[in-house]
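S.K.: what's the 3D shape of this:
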Amino acid sequence: MHSAIESESNIGLLISNYRSDNIYPLLPLLSQEFPNWSMGKIKNYVKLVISEEKEANDSSGILVAQNDALYYVGLLIYTYQTITSNLLTENNAKDNKEEFVNGIVVENLNASSPILQKNVFFILLESLIKIAKKNSCDFIELPKIDETYELIENKYKKQIVHPNNFRFFINLKK
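M.R.: Take a look at the predicted model:
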């Protein structure tokens, strides 16, 4: 799987893969996302995600959003995973034939400003959807839908599946 996304600009934000072992530029976002984690634990987690991204068979990655001043205003940590296809149906109907599908799971999603949160999330998720489609993924899995996903929910409402109260899917094959 390739997580490569060339830097692209969206509404004044630059979206790119983060590949540096230097976590300090991301520390405000990482500290906000993992408030109870030590610096060492955060460093190890980012190293794990980054080192896997450098492998030939990527299994995870970090997308970042930077503003015009090159300040990091958002981050999205993701992994490639496989699930049963029945999770992508609204009623979770089980077929006689159990199939597995590939997709991307959003593990962590954070923005530096509550005011810009909806837009930052939308732009990061749009970039992740491009990566997913490029890699023939069938879904994107996200944390429970709430008001922060309003823009995504409006754009992809016909493709959203809610299998439980904790996560939701965007079915990319609908």
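
S.K.: assign a three-state SS to residue 103, would you?
M.R.: At residue 103 the chain is in strand, as set by DSSP: H, G, I helix; E, B strand; the rest coil.

S.K.: quickly list what it is bridged to.
M.R.: Residue 103 has these beta-bridge partners by DSSP bridges: residue 81, residue 139.

S.K.: from residue 30, how far out is it?
M.R.: Distance of residue 103 to residue 30, computed by C-beta to C-beta, to the nearest Å: 25 Å. In short, each C-beta sits where N, CA and C put it, glycine included.

S.K.: so what's residue 46 up against?
M.R.: Neighbouring residues of residue 46 by C-beta atoms under 8 Å, 6 or more residues apart in numbering: 21, 23, 26, 30, 62.

S.K.: can we see that at 10 Å?
M.R.: Residues near residue 46 by C-beta atoms under 10 Å, 6 or more residues apart in numbering: 18, 20-23, 26-27, 30, 62, 75, 77.

S.K.: go on, residue 65?
M.R.: Residues in contact with residue 65, defined by C-beta under 10 Å, 6+ apart, are 10, 12-16, 29, 71-76, 111-112, 116, 119-121, 123-124, 127.

S.K.: now do 8 Å
M.R.: For residue 65, the contacting residues are 13-15, 72-75, 111, 120, 123-124, by C-beta under 8 Å, 6+ apart.

S.K.: those in helices, which ones?
M.R.: Secondary structure from DSSP state H places 120, 123-124 of the contacts of residue 65 in helices.

S.K.: which of the residues you listed sits closest to residue 138?
M.R.: Nearest to residue 138 among the ones in helices among the contacts of residue 65, counting by C-beta to C-beta, is residue 124 at 19.9 Å.
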